[in-house]
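**Q** Provided below are the primary sequence and the corresponding predicted coordinates.
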Amino acid sequence: MFGGPPPAPSQAELKAQEEAASNELKFALSTCFALYLSPFVIDYVRKLV
């Protein structure tokens, strides 16, 4: 606001931010997949017992 715009991020910072975003997306997708499959796994286990 008073000091002007912040400096642009360096290439290393951009790479680190992209890596963090990619890891978070992979984690979110794997969590969604696990939650989607959990009712089927529970049914399968109940039928075995």
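**A** Nice, thanks for sending it over.
**Q** and the residue most central in space within the chain, how far is that from Leu48?
**A** With distances taken as CA atoms, centre = their mean, the residue of the chain nearest its centroid is Glu24 (2.3 Å). Distance, Glu24 to Leu48, by CB to CB, to the nearest Å: 35 Å. Just so you know, the C-beta spots here come from the backbone N, C-alpha and C atoms, and that holds for glycine as well.
**Q** quick check: mean pLDDT across whichever strand or helix holds Glu19?
**A** Using DSSP states H and E, Glu19 sits in helix 11-48. On average, the pLDDT along helix 11-48 is 97.
**Q** Could you tell me how far it lies from the centre of the chain?
**A** Remark: helix 11-48 is offset 7 Å from the chain centroid, using CA atoms, centre = their mean, to the nearest Å.
**Q** Ok, stretch 2-11 next?
**A** 27 Å.
**Q** Quick one: end-to-end length of that stretch, please.
**A** One end of stretch 2-11 sits 26 Å from the other (CA to CA, to the nearest Å).
**Q** Chain neighbours aside, what residue packs nearest to Gln17?
**A** Nearest residue to Gln17 in three dimensions, chain neighbours excluded: Pro9, at 7.2 Å (CB to CB, 6 or more residues apart in numbering).
**Q** what's that neighbour sitting at in phi/psi?
**A** phi -70, psi 150 (degrees, to the nearest 10).
**Q** Now do it: how many residues are near it, please.
**A** 11 (other CB atoms under 10 Å).
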